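Novice: Starting from these lines, generate the structure:
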Amino acid sequence: MQQDENKIKIFNKVVGDLVKEIRLKTSSGSLNQFAREYDFDRGNFSKLERGIISCRLITAWKFAEASGIKFSEFAKMIEDKLEKDFKLIEE
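Specialist: Residues are numbered from 1 along each chain as shown. I've put the predicted structure just below:
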């Protein structure tokens, strides 16, 4: 169970770092401005960027659209940032 929690933390951190990186590249404003402009909850979006909470699929899709990228590209970017054989579920 502990290993699963650690993997989720790693995954959340990678997603959060990527979201922040993309937001900074594609938006000229602050996190507050971005959240307001695209109707994200600022507090939750901040927690997402810091890897504190998991990103819901609908939030990831909405973020990708707001950033001008396809959701599939965003998912691929996440996959590329994780270790090659990263798995949330052990076989």
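Novice: residue contacts, the spatially most central residue of the chain?
Specialist: Centroid-nearest residue in the chain, with Cα atoms, centre = their mean: Val15, separated by 3.4 Å. Applying Cβ atoms under 8 Å, 6 or more residues apart in numbering to Val15 gives the contacts Leu48, Gly51, Ser54, Cys55, Ala60, Ile78. To be clear about C-beta, it is placed using only N, CA and C from the backbone, and glycine gets the same treatment.
Novice: Return the distance of the fifth one relative to Asp4.
Specialist: Same thing as Ala60. Relative to Asp4, Ala60 is positioned 21 Å away (Cβ to Cβ, to the nearest Å).
Novice: And for the fourth one?
Specialist: Distance check for Cys55 against Asp4: by Cβ to Cβ, it reads 17 Å.
Novice: now Phe71
Specialist: For Phe71 relative to Asp4 (Cβ to Cβ), the value is 25 Å.
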